[in-house]
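Participant: with the input below, show me the fold.
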Amino acid sequence: MNFKTGDHVLVLDEDLSGVIKEISGHTISIETEDGFLIDYNANELVLKAKKESISSEIFSNSNIKDVVSEKETPKRKQQTKKRAKDRYEPTMEVDLHINQLVKSAKGMSNHEMLTLQLDTARHKLDFAISKRIQKIVFIHGVGEGVLKMELEYLFGRYNNVKYYDANYQKYGLGATEVYIYQNTSSN
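Facilitator: As a prediction, this is how the structure comes out:
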């Protein structure tokens, strides 16, 4: 094939094109669209008719806008798959640390703080039951264990819940997870 300086060429087996800058025997130097000078053997190049983008050559028989819009048609929304681990994660967390419940515990007795924490726990548990939320984690902290004991007493009064220590890696020893059995019968 007869190439000459200034010809636009495509490189076979590569997604490259460029302009011939120098011809030395069978070695042809082309300048790519990115401005790089690369040497190729003459049999690795093919003449490009006119300087157009490769996409216009590929889609020369169809309207590029049609092709692009066809590729961009909205796909059916894929349902997000939950990982098995996530499926068993609690759907609700309740932090019962006193500083999460009041702006300042200053002036509150231990009994008042414990009462507020237990009232909050009872309220959140009733809310979860009414909204059919299946799992709650109550974060109570380690401390002396008084709040944990009182919570276990509270949870024990519900006949549709079971409770156990929450995920140790995530919460340490300071949390209890409550599983609520959902009543499926409608009587």
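Participant: distance of Ala105 from Thr176?
Facilitator: 21 Å (Cβ to Cβ, to the nearest Å). C-beta: built from backbone N, CA, C; applies to glycine.
Participant: look at the two and report which has more neighbours.
Facilitator: Under the criterion of other Cβ atoms under 10 Å, the comparison of Ala105 against Thr176 puts Thr176 first, with 22 against 15.
Participant: quick check: bridge partners of that one?
Facilitator: Assessed by DSSP bridges, Thr176 has beta-bridge partners Phe138, Asp165.
Participant: give the contact list for it.
Facilitator: Val137, Phe138, His140, Lys148, Leu151, Glu152, Phe155, Tyr163, Tyr164, Asp165, Ala166 (Cβ atoms under 8 Å, 6 or more residues apart in numbering).
Participant: most neighbours of all the residues you listed, which one?
Facilitator: Phe138 (28 neighbours).
Participant: which SSE is immediately downstream of the longest strand seen in the chain?
Facilitator: Determined from DSSP state E, the single longest strand within the chain is strand 17-24. Per DSSP states H and E, the first helix or strand lying C-terminal to strand 17-24 is strand 27-32.
Participant: given that following strand, what are its sheet partners and their directions?
Facilitator: Short version: by DSSP bridges, strand 27-32 pairs with strand 17-24 (antiparallel), strand 37-41 (antiparallel).
Participant: how far away from the center of its chain is that strand?
Facilitator: In terms of Cα atoms, centre = their mean, to the nearest Å, the centre of strand 27-32 is found 45 Å from the chain centre.
Participant: ok, now stretch 23-38?
Facilitator: Worked out by Cα atoms, centre = their mean, stretch 23-38 lies 45 Å from the chain centre.
Participant: now do stretch 128-135
Facilitator: Distance, centroid of stretch 128-135 to centroid of chain: 26 Å (Cα atoms, centre = their mean).
Participant: mind checking the end-to-end distance for that stretch?
Facilitator: 8 Å (Cα to Cα, to the nearest Å).
Participant: other residues contacting that stretch?
Facilitator: Contact with stretch 128-135 is made by 89-92, 127, 136, 158, 160, 177-180, 182, as judged by Cβ under 8 Å, 6+ apart.
Participant: same thing but at 7 Å, please
Facilitator: Pro90, Thr91, Met92, Ile136, Glu177, Val178, Tyr179, Ile180, Gln182 (Cβ atoms under 7 Å, 6 or more residues apart in numbering).
Participant: ok, now stretch 138-158?
Facilitator: 93-97, 114, 117-118, 121-122, 161, 163, 171, 173-176, 178.
Participant: out of the residues you listed, which are buried?
Facilitator: 93-94, 96, 114, 117-118, 121, 161, 163, 171, 174-176, 178 (16 or more other Cβ atoms under 10 Å).
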